[in-house]
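> Output the structure for:
(2 chains)
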Amino acid sequence: MIHSTPRLRFAPSPTGPLHLGGARTAMYNWALARSLGGTFVLRIEDTDRARSTDESLQIILQGLRWIGIDWDEGPKFDGCGGGDFGPYFQMQRLPRYLQAAEQLLASGHAYLCFCSPERIEGVRDAQKAAKSSFLGYDGHCRDLTAEQRAAAAATGAQPNIRFRMPAARVMNVHDLIRGDVEVNTKELDDWVMVRPDGVPLYNFACVVDDIDMKITHVVRGEEHFLNGIKQQLLFEALGEQCPLYAHIPLILNAKGAKLSKRDPGVMSVLEYRDQGYPPEAVFNYIALLGWGFSGDRDVFTRDEMVAAFQIGNVGKAGAKFDADKLHWMCGEYIRRWSAEQCLERARPWLAKSVPEQALAQHGTWLQNVVACYQERVAVLSEFPAKIAWLFADVPALDEAAQKNLAKHEGAKAWLSAYADELQGLNLPPSYPADRSAADRAVALPSKKDAPEPVCEFATPAQIDAATRAFTERIGAKFGHFVHPVRAALTGTDKGPGLFDVVFLLGKEACVKRLRAAAAG
RNA sequence: GUCCCGGUCGUCUAGUCCGGCCUAGGACCCUAGAUUUUCAUUCUAGUAACACGGGUUCGAAUCCCGUCCGGGAUACCA
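The predicted model follows:
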C-alpha cells in the first residue's frame, strides 16, 4: 500500500447495542491506528433503515467512549469526531453513492435488475431443491437488451442495481491475519449494490466510503471475509486501490457459536457500565480475546496495549467469552485503586444503601468503609449490599450469624460484658455524629505491619489489644469470642477485621448492637 | 450442499512464520496448604493440553497430506 497516513475505521450499523464483539473490533482498529500513528474514523452505516435507530447510535457512541476508545473523525460526541471526510453517516452520503453507481452502470460493471424478490426466492428454492452447489442470483437480468430493460421498466418494476461479477476468476487475496487465500469468484453471485429506492447496500456504500475517506486498513470480523472479495472487485472497477484487510476471528458464546446480542449472559457494553465493571478491566479483558499481550502478563494499561499491539499477532481461532476471568480482572483493577479513587468510582452505586447525609458529609468515614471492601468486590454494584449493615439501626442476622450466636453457651453474656468493656474505651463516635478526626487519622483496612497511627481515639490495634485482654479476664477463648461479636455487630459472618468493624461502627452503635443481640 | 477459516490444559493464551532452548510456559477456574478473628486479599503447591492418523527429518506442538470436529459465508442485513 502506498497510502502515506494510516487511516482506519470502525463502521458499526446502529441496529442494536454495542456488545463485546463490536467493542473488540473497534478496539483492534483503534489500537492499530494509534500504534501506527494514524487516524481513527468512526463511520455510521445506517443504510438499513428498517432497523437503524438513534437509540442504538447513542448506545454505541457511549459504549465506545466508556470503554476508552476515542475517534479523530466521525460523529461529534464527547469531544470526539469532526473531520474533513464527512458526512460520516451513510444516509447523508446518498448522492455520492448514486454518482458511483452511475459510473459503474456506464462502465458495464453494474447492471439494472428487474427481478422481483419473489422470483429471487423462487430461484433459491429451486437451487436448494436441486442440491445445487451454487446458491444465489442466477444472472437473469445480467444481459438484458435495451428493449428488454425498457419493457421491464414499462411494467413499473423498480430495478435494483447489481454488480457484475467476473464469471470464474481466481482471486488471490492477502489478509493480515489469514495470510494468502484463494477464492474463485464463481462462488459469488451478482450482488445488489443499490436498492430500488436508491439506498445503497453494505458492500457498495462501504467501498465508496473507504475510498472517499482514504481508508488504508480494514479490520473487521471474519464474517466479512467474502465481502472483502466483492469489495476488492469493486475497488478495481472504480479504478481504486483497495485497503489492507484483516479479518479477525469471532467471539464465541458458551456454545461455541458466534456471539449474538440474544445470547444469555451477553450484555451490551453499557450494561457492564451500569453494573459497575471498571471500563479499564473490560477493555483489558476483551483485548485478550484473540490476542496475547505477552507470555506472562495478562494485566496491562491501554497505552501498553497500543504499544504491544500488532494485527498480525491476532489469532485465527475464535475465542469463548469467559465471565469468570472478566470478573477476576475487574477485582484486579479495583484492588489497585487508592481508597480515594475507589470511593469516587463507587459513589454512583452507594446511594442504594447509604443515606444521603453520609454521602454528602461523611466522606472520610465512607472512604474507610469502602476501602475495607475493596478487596472483597469484583464489580462496584456489589458495594451497597455489602456495606448496608453499617446503616441499620440493629442489623438483621443472617443464618450464619444466628448460628455463631448460638454456638457457645455463654455467648450472650460475653456480648453484654463486652458492651460494658467498649463503653469504657475511647472509641470513635458513631455515625451520624462527626467522626472525621478518627477517620482522618486511621486508614483502613488495618495492615499487620503498618505503623501505629496517631489518633485521639482508640485505634483498631488498641481495640484489638484491649479485647484480647478482656477475653482473658472473662475466661473466653479469643477465637470463640470473636464470632458471636461479629454476628451481633454486622449481622453476618463475613467482612473486614473485627476491630476495623468496631472502629467503623463507633462506640454507641457497637454498644447498642451488642446489647440487642445479648437480649435477643 | 458449496466455498473459506480454524483445532495447545475446562476457558483465554505463549510457543508455530525461522523444526531442537518445550520432560509445552503464564492467567482464569478448581483442589490442597500457609497467613488470619470470619470472608476476602496475599503466598506456596497441585490437577490439567499439543484433536486423530500418516509422512518428511537425526529430531515435529512447530513442515506436508488425510481424517474428524468446530466456526463463518452463501440477503433488496451489516
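> And chain A, what are its domain boundaries?
With domains defined by automatic domain parsing, chain A comprises A:7-90+A:252-320, A:93-248, A:399-519.
> Now do the end-to-end distance for the last one.
If I follow you right, that is domain A:399-519. The first and final residues of domain A:399-519 sit 18 Å from each other (Cα to Cα, to the nearest Å).
> and if you look at the second one?
Between the start and the finish of domain A:93-248 there is a gap of 28 Å, counting by Cα to Cα.
> ok, that domain near RNA strand B or not?
Yes. Domain A:93-248 is in contact with RNA strand B by Cβ under 7 Å from any atom of the strand, via A:115-117, A:120, A:124, A:131-137, A:160, A:178-179, A:181-184, A:187, A:189, A:191-192, A:195-196, A:201-203, A:222-227. Every C-beta, even on glycine, is put in place using the N, C-alpha and C of the backbone.
> now the shortest one
Yes. When contact is scored as Cβ under 7 Å from any atom of the strand, part of domain A:399-519 falls within range of RNA strand B: A:446, A:464, A:478-479, A:482-483, A:486, A:493-500.
> Okay, now the unreliable bits of chain A?
Filtered on pLDDT under 70, chain A yields the residue ranges A:1-3, A:262, A:264-266.
> most centrally placed residue in it?
By Cα atoms, centre = their mean, chain A has its centre lying nearest to A:Val269, at 3.8 Å.
> Apart from its neighbours in sequence, what residue is nearest that one?
Nearest residue to A:Val269, sequence neighbours excluded (Cβ to Cβ, 6 or more residues apart in numbering): A:Gly63, at 3.7 Å.
> now for whichever strand or helix holds the one you found, which elements pack on it?
Element membership of A:Gly63, judged by DSSP states H and E, is helix A:54-67. Under the contact criterion of 3 or more Cβ pairs under 8 Å, 6 or more residues apart in numbering; DSSP states H and E, helix A:54-67 touches helix A:20-36, strand A:74-77, helix A:269-274, helix A:279-287.
> can you put these in TSV and add distance to A:Trp365?
Below are the helices and strands packed on helix A:54-67 laid out as TSV (distance: least, Cβ to Cβ, whole Å):
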stretch	distance to A:Trp365
helix A:20-36	37
strand A:74-77	38
helix A:269-274	27
helix A:279-287	27
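> nearest to A:Pro453, of these?
Evaluated over those, closeness to A:Pro453 peaks at helix A:279-287, with 31.0 Å, by Cβ to Cβ.
> got the buried residues for the helix or strand just after the closest one?
Counting by DSSP H and E, the next helix or strand C-terminal to helix A:279-287 is helix A:302-308. For helix A:302-308, a neighbour-count test (16 or more other Cβ atoms under 10 Å) marks A:Arg302, A:Met305, A:Val306, A:Ala308 as buried.
> Just name the closest of the residues you listed to RNA strand B, please.
Using Cβ to the nearest atom of the strand, the shortest approach to RNA strand B within the buried residues of helix A:302-308 belongs to A:Ala308, at 10.9 Å.
> Could you report the separation of the residue lying closest to that closest one once chain neighbours are set aside from RNA strand B?
Distances taken as Cβ to Cβ, 6+ apart put A:Phe293 closest to A:Ala308, at 5.7 Å, once the chain neighbours are dropped. According to Cβ to the nearest atom of the strand, to the nearest Å, A:Phe293 stands 8 Å off from RNA strand B.
> A:Phe293 touches A:Thr301, doesn't it?
No. In this structure, A:Phe293 is not within contact of A:Thr301 by Cβ atoms under 8 Å, at 10.4 Å.
> More neighbours: which of these two?
For A:Phe293 versus A:Thr301, neighbours defined as other Cβ atoms under 10 Å are more numerous around A:Phe293 (17 against 12).
> burial measure for A:Ser260, as a count.
11.
> Which helix or strand contains it?
A:Ser260 belongs to no helix or strand when assigned by DSSP H and E.
> Assess the claim that it and A:Asn253 are in contact.
Yes. The pair A:Ser260 / A:Asn253 is scored as a contact, 7.1 Å apart, by Cβ under 8 Å.
> ok, A:Ala146 to RNA strand B distance?
Taking Cβ to the nearest atom of the strand, one finds A:Ala146 at 21 Å from RNA strand B.
> next one: A:Ile211
Counting by Cβ to the nearest atom of the strand - A:Ile211 and RNA strand B are separated by 16 Å.
> How about A:Ala392: what's its closest non-neighbour residue?
Distances taken as Cβ to Cβ, 6+ apart put A:Gly491 closest to A:Ala392, at 7.3 Å, once the chain neighbours are dropped.
> Please, where are all the strands along chain A?
Along chain A, counting by DSSP state E, strands occupy A:7-10, A:39-42, A:74-77, A:80-82, A:110-113, A:160-163, A:170-175, A:179-184, A:192-194, A:217-221, A:244-248, A:251-252, A:319-320.
> List the contacts of A:Asp54.
Listed by Cβ atoms under 8 Å, 6 or more residues apart in numbering, the contact set of A:Asp54 reads A:Pro14.
> so who does the nearest residue to A:Lys258 once chain neighbours are set aside touch?
Spatial nearest neighbour of A:Lys258, excluding adjacent residues (Cβ to Cβ, 6+ apart): A:Leu250 at 4.9 Å. A:Leu250 sits next to A:Gly21, A:Gly221, A:Glu222, A:Glu223, A:Lys258, A:Leu259, A:Gly318 when contact means Cβ under 8 Å, 6+ apart.
> sorry, back to before: what about the residue nearest to A:Ala392, how many residues nearby?
By the criterion of other Cβ under 10 Å, A:Gly491 has 21 neighbours.
> ok, now A:Ile474?
13.
> what sits against it?
Counting by Cβ under 8 Å, 6+ apart, A:Ile474 touches A:Trp414, A:Ala417.
> quick one: the helices in the stretch 351-500 of chain A?
When secondary structure is read from DSSP state H, counting those that start in this stretch, the stretch 351-500 of chain A shows helices at A:356-361, A:363-373, A:383-387, A:399-406, A:411-424, A:436-441, A:460-474, A:478-490, A:498-505.
> Pipe the ones you listed into TSV and attach distance to A:Thr39 per row.
Formatted as TSV, the helices of the stretch 351-500 of chain A follow (distance: least, Cβ to Cβ, whole Å):
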stretch	distance to A:Thr39
helix A:356-361	43
helix A:363-373	41
helix A:383-387	40
helix A:399-406	57
helix A:411-424	64
helix A:436-441	48
helix A:460-474	54
helix A:478-490	54
helix A:498-505	51
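> Quick check: which of the ones you listed has the most neighbours on average?
Of the helices of the stretch 351-500 of chain A, the one with the most neighbours on average (mean count of other Cβ atoms under 10 Å) is helix A:498-505, at a mean of 24.
> what does it rub up against?
With Cβ under 8 Å, 6+ apart, helix A:498-505 has contacts from A:365, A:368-369, A:372, A:390, A:422, A:427-428, A:430, A:438, A:442, A:444-446, A:458-461, A:463-464, A:467, A:482, A:485-486, A:489-490, A:495-496, A:510, A:513.
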